[in-house]
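Q: Got a sequence here, can you model it:
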Amino acid sequence: MHNKKLNISPAWIFRTANGELFEPILFRLLEGIRDTGKLTAAATNAGISYRHAWNLLNRGGHIIGLPLVIMRKGQGSQLSPLGEKLLWAEHRVDARLGPQIDSMTAELNDQIQQLLANTKPTLRLHASHGYAVALLPEVAEQLNINLQYRNPAEAISALNRGECDIASFHLPTCPQLARQVLSHYLDLLSDGSHRLIRFVTRREGLMLRKGEHPQVRSLKDFSESGLRFISRDLHSGTRILFNLLLEQQGLDANSINGSGQQEFTHTAVAAFVASGMADVGFGVQAAADQFGLDFLELACEHYLLIYRPEHLSQSALDHLIELLRAPELLERIDSVPGYQPDQPGQITGFDELIASDQ
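A: Below is the predicted model:
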């Protein structure tokens, strides 16, 4: 049986109007200087010579007309403001497009599997962006997981049309908020045939640059602060949850100083805040930790899988439940900040789940 999977790792090319470009290795060099404060160590980590590293920095500075690195004798090296902005631009591109690249990778591997004899069964999973669900294709041995990132409405719509086998859905552990979230999807869930599979819980809250804005200790503090906010896209489950939290506390959404831009993943929101382009974002703790941000928890939610029994074979369901309970997967979930296994593999319904949180 063919078990090898291909990965797509794009290299972002930054090119000027005159055709001058920054080699992709330059960004690994800048990252190394930021982390170590030494050009020699950064060059070694990037796998290039000190001379090559020096030439890359000089050439990059010459292209724009500003230095990328500040070097002081006896004090090591640090990124200049331009070097910081270039590196953060690359991080934001990666955070914004990474999930789309992951979806393309899943599609490619699915197509390869279909061309091979004796292939593993494929499970088509449409899911909201999350750090635990991203582990499923990596850990699965008995299944080929074709993971496509979609917002909840898109995922459930695809499930109802038979375009995927499993979708994801997330509900707050607060029963009142859970019922309000469900009300947004009544048209898609009205026939009562959907079943839930418990997977993980995750913590969501405000993300702020470390040590800044200590006056923000609650959602009310933030709403009154005037700090710049970067939001998720309008149809994401996280955006719906944030709006409901404002409503629950009697806060006006218009009081939030929104940037006017929306991001489509937790990672992209965190990168936007970490780069200084916004002061506050809302998302999962794992994204905040990934970019070294402070995290103020505001909610906990069940991240669930949802299916229609008439569209999923018992064999595929059994393989999936076995995967969700696999020791390797549970161990990796335990290492993701803010995530915890949530009776994985247990099949339930919406009413039963909400009642269990009473």
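Q: Only C-alpha atoms from now on, for both contacts and neighbour counts.
A: OK.
Q: Tell me where the stretch 151-300 of the chain has helices.
A: All helices of the stretch 151-300 of the chain, identified by DSSP state H, counting those that start in this stretch, fall at 152-161, 175-183, 186-189, 219-223, 237-248, 266-274, 285-290.
Q: how far does stretch 243-263 stretch from start to finish?
A: Across stretch 243-263, the terminal residues are separated by 16 Å (Cα to Cα, to the nearest Å).
Q: Over to stretch 175-193?
A: Terminal residues of stretch 175-193 are spaced 21 Å apart (Cα to Cα).
Q: returning to what we had before: adding mean pLDDT and distance to G32, write the helices of the stretch 151-300 of the chain out as a markdown table.
A: Compiled in a markdown table, the helices of the stretch 151-300 of the chain are given as follows (pLDDT from 0 to 100; distance: least, Cα to Cα, whole Å):
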| stretch | mean pLDDT | distance to G32 |
| --- | --- | --- |
| helix 152-161 | 96 | 38 |
| helix 175-183 | 97 | 43 |
| helix 186-189 | 95 | 48 |
| helix 219-223 | 95 | 34 |
| helix 237-248 | 96 | 33 |
| helix 266-274 | 94 | 18 |
| helix 285-290 | 97 | 17 |
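Q: Need the ones you listed in CSV (columns: mean neighbour count and distance to R51).
A: Converted to CSV, those look like this (neighbours: other Cα atoms under 10 Å; distance: least, Cα to Cα, whole Å):
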stretch, mean neighbour count, distance to R51
helix 152-161, 20, 51
helix 175-183, 16, 57
helix 186-189, 13, 60
helix 219-223, 17, 48
helix 237-248, 18, 47
helix 266-274, 27, 31
helix 285-290, 23, 32
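Q: between those, which one is nearest to P24?
A: In terms of Cα to Cα, the element of those nearest to P24 is helix 266-274, at 19.2 Å.
Q: so where do the strands sit in this structure?
A: For the chain, the strands defined by DSSP state E cover 14-15, 21-22, 69-72, 76-79, 122-127, 144-149, 166-172, 195-209, 228-232, 257-263, 280-284, 293-307, 339-341, 347-348.
Q: count of neighbours near G281?
A: 27 (other Cα atoms under 10 Å).
Q: buried set for stretch 201-215?
A: Residues 201-209 are the ones in stretch 201-215 that count as buried (16 or more other Cα atoms under 10 Å).
Q: Enumerate every residue touching the closest residue to Y149 other than its chain neighbours.
A: Once flanking residues are discounted, Y149 sits nearest to A127: 5.0 Å by Cα to Cα, 6 or more residues apart in numbering. The contact partners of A127, taken as Cα atoms under 8 Å, 6 or more residues apart in numbering, are 133, 147-152, 155, 167-169.
Q: Kindly report the domain assignment for this protein.
A: 14-79, 120-356 (automatic domain parsing).
Q: any idea of the pLDDT on D165?
A: As predicted, D165 sits at a pLDDT of 97.
Q: right, I mislabeled it, should have said Q111
A: Looking at Q111, its pLDDT stands at 68.
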